[in-house]
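K.L.:
one predicted model, sequence on top.
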Amino acid sequence: MKQLNTLYKFELEKEKKASQALQAAELDYQQNKERLKNVSDYRLEYMRRLNQRSIEGIDSATYSHFHAFIAKLDNAALQVKVAAHQAQALVETRKKQWLDQRKKIQAVELLRDKKLAALQVVANKKEQKMFDEIATQQFIRRQR
């Protein structure tokens, strides 16, 4: 039983670490989604500025500068999308690892429960044997 308890504690610690890794991956994914939203919002705002400046009149150098910066924002958005996709894949991997670890813990819990039940059966038999012995001795005493 001691070995099962040791194994159970070990598996619980592994589950805790897997849970922490999953939480960290989820946080990273959420941060990447937020970054992507921020870059997209900034690009949209920059496009509005370009549109407004175009209405007011804009020289070709400024127009080229706007377009170059928008291209940089598009590139940044692409990089953040890639990072978000990788982070999402990592979340799925970490989730699977955590679920696998939960299954191991459940298996150890099942073994512990079976072992405890077997020990209880043995203890119950010993107790019943002791009561039977007492009852037999009482019966013998009454017969005398």
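P.N.:
Okay, I see it.
K.L.:
how far away is Val69 from Glu45?
P.N.:
For the record, residue 69 is Phe, not Val. For Phe69, the distance to Glu45 (Cβ to Cβ, to the nearest Å) stands at 12 Å. (Glycine included, C-beta is placed from N, CA and C.)
K.L.:
which residue is nearest the middle of this structure?
P.N.:
Centrality entry for the chain: nearest residue to the mean C-alpha point is Leu22, 3.4 Å, by Cα atoms, centre = their mean.
K.L.:
returning to that earlier point: out of Phe69 and Glu45, which sits in the busier spot?
P.N.:
Phe69 (14 against 10; other Cβ atoms under 10 Å).
K.L.:
next one: phi and psi at the nearest residue to the residue nearest to the centre of the chain once chain neighbours are set aside?
P.N.:
The shortest distance from Leu22 to any non-neighbouring residue, by Cβ to Cβ, 6 or more residues apart in numbering, is to Arg94 (4.1 Å). With angles defined as degrees, to the nearest 10, Arg94 sits at phi -60, psi -40.
K.L.:
likewise Ile58?
P.N.:
Backbone torsions for Ile58, taken as degrees, to the nearest 10, come to phi -140, psi 140.
K.L.:
likewise for Leu27?
P.N.:
In terms of degrees, to the nearest 10, the main-chain angles of Leu27 are phi -60, psi -40.
K.L.:
count of neighbours near Ala84?
P.N.:
Here the number of neighbours of Ala84 (other Cβ under 10 Å) works out to 19.
K.L.:
list the contacts for the residue nearest to it when sequence neighbours are not counted?
P.N.:
Nearest residue to Ala84, sequence neighbours excluded (Cβ to Cβ, 6+ apart): Asn32, at 3.8 Å. By Cβ atoms under 8 Å, 6 or more residues apart in numbering, the contact list for Asn32 reads 80, 83-84, 87.
K.L.:
I am finished for the moment; much appreciated.
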